[in-house]
Structures are given as structure tokens and as C-alpha cells.
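S.K.: fold the following and give me the result.
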Amino acid sequence: METISRHQLLTISIIYQIGTTIIFGFAAGAGRDSWLAVLISTILGTGVVLIYVSVTKLNPGLTYVECFPKQFGRWLGTPLAWLHPLLFLYIAGRIVADINNLVPSTILPRTPPWAILILFMIALAYALFLGIRVMGRLAELILPILALIYAVEVILIFSSGVVDTRNLFPLLDQGWGRIWKVVWPLGVIQSYGESLALALIWTSVKPKGKVGRTMVVSTLLAGSFIAFTDALAISVFGEAIFQRATYPMYALIQVISVADFITQLDATGVLYFCFMAFLKTFIYLFATIRSVQKLTYTQSSRIFILPVVIIAFVLGMTMAPNVIEHIAVVEKVVPFSPVYILLMFVIPMILMFVSWIRRKKQNLTSE
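M.R.: You can find the predicted model right below:
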């Protein structure tokens with residue numbers, strides 16, 4: 001089985017959890033308090049991630065989907081396990097739809113969306129064929145480059161003279177109500193509940209033993225990054241414009257203008273987003289393929305790559321006719337879906353509790 005290091009898991013997790021969240025600004029509903037909503041979501045999200053980690057620790061050697069038949073029995077556990085690859089594939093289709101909406105409307109307006117997506121999916125299929133080890137190395141290489149680009153862009157934004165920190169105040173002028181509306185369930189699900197897909201790669205991490213610590217660090221770093229970016233966008237645009245912006249991060253890069261010389265850097269934002277989306281889609285499709293492989297007891301996972309990639313392509317092309325409807329579904333429908341809440345919160349907690357009870361009984365019996 002392919003393995004990755006803890007450092008590679010850290011880089012993958014940071015990029016994955018930031019993902020497309022940074023582009024759409026999910027916390028815009030909280031207005032100037034969006035950065036605070038992100039920080040609260042991060043704290044709660046860390047707890048959710050630790051639940052996933054606990055499940056895998058209580059079931060050593062098993063991937064997340066294999067825990068269900070073991071703990072719930074074949075007749076109940078197997079159908080529950082099969083819901084997960086379906087969920088992962090659906091979310092992957094949503095991210096492909098992000099690419100389908102963003103790239104043609106920004107840097108490639110005259111290019112047919114299907115042509116962009118075909119190239120994107122070919123690259124994904126090739127990456128899936130190479131495996132998680134290669135993606136771990138790529139994430140390890142790319143994350144410092146993305147961090148450097150982001151740092152330069154932040155410096156340029158401050159140099160452009162458009163930042164006004166007074167836009168961040170007054171804090172909590174409308175109370176906690178709109179913050180909690182953003183935090184639950186959207187804020188917790190957006191990056192942290194969806195970390196469930198990462199549970200399918202934890203068995204590939206060598207040496208074992210510090211997955212939990214690595215995931216906590218990645219979650220806190222990703223959340224702090226998103227909160228800072230939201231605070232910066234509010235400082236530049238003010239609350240009203242920030243809430244109306246479809247792509248706040250993209251708009252933020254567009255305001256860079258230093259001495260009328262350093263301008264038009266918005267293409268870097270789109271490329272940055274595309275790699276984030278690429279890795280996040282890779283993880284979802286990898287989790288889908290590994291889940292199907294484990295549940296069908298198949299020796300090789302490569303036979304599932306092409307069908308899964310084709311389904312994700314079709315979903316990305318058909319599920320969102322326009323960006324407005326796409327964002328509305330992602331922010332107002334999907335997070336409140338009973339399926340999401342059950343699979344990302346309720347069932348993992350039950351699975352953790354059952355696993356803990358059975359482990360305790362085994363320990364007492366062995367004594």
C-alpha cells in the first residue's frame with residue numbers, strides 16, 4: 001500500500017481544508033464579523049475532526065468505511081458505508097462545477113467550459129492513477145509556493161493603500177445571531193465536516209500515531225488563514241460590498257495597484273483557486289475509489305478511476321446551470337441536508353461511541 005509522511009498529510013490537509021472556501025467567502029452572511037464566525041467554526045470543526053480521528057484510532061488498520069460493517073454488522077453497517085462514496089462523489093461534482101463557473105467567467109471567457117473541464121478531469125485521472133504518494137509530494141512542493149504568492153499579494157494590497165481597518169468595527173453590532181447562523185451548520189461543514197474524506201487516507205500515513213495532532217494543526221492553520229483573508233477583504237471593501245461579492249478573494253486581488261505598474265494580478269488568484277480545487281477534488285475522488293475498493297473487496301483500485309472521473313465530469317457539467325444557483329445551493333441547501341448532518345456529525349458520533357464501548361469490553365475480557 002502507498003504511504004505518505006505526516007508532513008505530507010499536513011500539507012494535503014491545509015490545502016484541502018482551505019479549498020474553495022477561500023474563494024466564495026462562506027461567512028459573508030455574518031458581515032464584518034465573518035472572520036469571527038470563521039474562528040468559531042474552526043474551533044468547533046476541530047472537535048468534529050477529532051471525532052473522525054477517534055473512530056479510526058479505535059479501529060486500527062481499518063479505513064473509515066470499513067469501520068461500519070465491523071461495528072454495526074453487515075446488514076446495517078454495509079449500507080451505511082456505501083453512503084459515503086456517494087457523498088464524496090457528489091461533493092466532487094460540486095467542486096468541478098466551481099471550476100465550470102469560475103474559470104470561463106474570469107480569465108477564459110471565450111473558452112467553452114466543457115473544454116476546460118475535460119483538461120481538468122484528464123489531469124485528475126492521471127493524478128489518481130499515480131496515487132496518493134505523488135499527490136503528497138506535489139502538495140509538499142506547492143504549499144510553500146502558494147504561501148509565498150499569498151504573502152506577496154497581501155503586501156501589495158497593503159501597498160495599494162486600499163486597506164481601512166475601521167471597516168472591521170464595531171464588532172458584534174448586530175449581536176451573535178447572524179454569526180451563529182453562519183457557524184452552524186454551514187461554517188462547520190464547509191471545510192471541517194468535509195474532512196471526513198481525509199479519513200480514507202489516514203491508514204496510508206507512516207509512521208502512525210500522530211494523525212490527530214497533525215489534523216488539529218492543519219485545521220487551526222487553515223481556519224486562521226481563512227479568517228485573516230475575510231478580515232482583509234472586509235477592510236478593503238467594507239461590509240456591504242463584501243457581502244455582495246460573488247468571489248471576494250478574486251475581487252481582493254483585482255484591487256492591487258502599486259504605482260500604476262503592478263496591476264492585473266487576478267489570474268494568479270484563479271490559478272491559486274484551481275490548484276486548491278484540483279487537490280480537493282482529487283481527495284474526494286480518491287476517497288470514493290478507495291471506499292468502493294474496500295467495500296467490494298477488490299485488489300486494485302485503478303479499474304474504478306475512469307468511471308468515477310466520468311461521473312464527476314457529468315455532475316460538474318449538469319448540476320449547476322449558473323454560479324448564482326450553484327452558490328445558493330451550496331450555502332442554503334446542502335449544509336442543512338439531513339444526509340450531510342447525519343453522515344458528518346450524528347453517525348460518526350454514534351460510531352465512535354459504539355467503537356469505544358466494544359474496545360472497552362475487549363480490554364476487560366483480555367484482562
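
S.K.: hey, let's count contacts and neighbours off CA atoms from now on
M.R.: Fine.

S.K.: gap between residue 44 and residue 84?
M.R.: Distance from residue 44 to residue 84, counting by CA to CA, to the nearest Å: 22 Å.

S.K.: so between these two, which is more surrounded?
M.R.: residue 84 (21 against 18; other CA atoms under 10 Å).

S.K.: only the buried residues of the helix or strand encompassing the more buried one, if you could.
M.R.: Using DSSP states H and E, the element containing residue 84 is helix 74-105. Residues of helix 74-105 classed as buried by neighbour count (16 or more other CA atoms under 10 Å): 77-78, 80-82, 84-85, 87-104.

S.K.: and the helices in the stretch 101-250 of the chain?
M.R.: 113-130, 132-159, 177-182, 188-191, 211-237, 239-244, 248-254 (DSSP state H, counting those that start in this stretch).

S.K.: circling back: check the offset of the helix holding residue 84 from the chain's centre.
M.R.: With CA atoms, centre = their mean, to the nearest Å as the basis, helix 74-105 stands 12 Å off its chain's centre.

S.K.: just the mean pLDDT for it, thanks.
M.R.: Averaged across helix 74-105, the pLDDT comes to 87.

S.K.: return the distance of residue 273 relative to residue 95.
M.R.: Going from residue 273 to residue 95 by CA to CA gives 11 Å.

S.K.: let me fix that: residue 50
M.R.: Applying CA to CA, the value for residue 50 to residue 95 is 25 Å.

S.K.: the helices of the stretch 101-250 of the chain: which one's closest to residue 341?
M.R.: Closest to residue 341 of the helices of the stretch 101-250 of the chain is helix 188-191 (CA to CA; 8.4 Å).

S.K.: please export the C-alpha coordinates of that closest one as CSV.
M.R.: C-alpha atoms of helix 188-191 as CSV (Å, rounded to 0.1, in the frame of the first residue of the first chain):
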residue,chain,number,x,y,z
VAL,A,188,-18.6,23.7,10.5
ILE,A,189,-19.5,21.6,7.4
GLN,A,190,-17.8,23.8,4.8
SER,A,191,-14.2,22.7,5.4
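
S.K.: rounded mean pLDDT for it, please.
M.R.: 79.

S.K.: that older thread, the helix holding residue 84 to helix 113-130, inter-axis angle?
M.R.: Angle, helix 74-105 to helix 113-130, by axes from the mean of the first three to the mean of the last three CA atoms, to 10 degrees: 130 degrees.

S.K.: which neighbouring elements make contact with helix 74-105?
M.R.: If contacts are counted by 3 or more CA pairs under 8 Å, 6 or more residues apart in numbering; DSSP states H and E, helix 74-105 sits against helix 67-72, helix 113-130, helix 266-296, helix 305-318, helix 323-332.

S.K.: go again using 10 Å as the cut-off
M.R.: helix 21-24, helix 67-72, helix 113-130, helix 266-296, helix 305-318, helix 323-332, helix 338-341 (3 or more CA pairs under 10 Å, 6 or more residues apart in numbering; DSSP states H and E).
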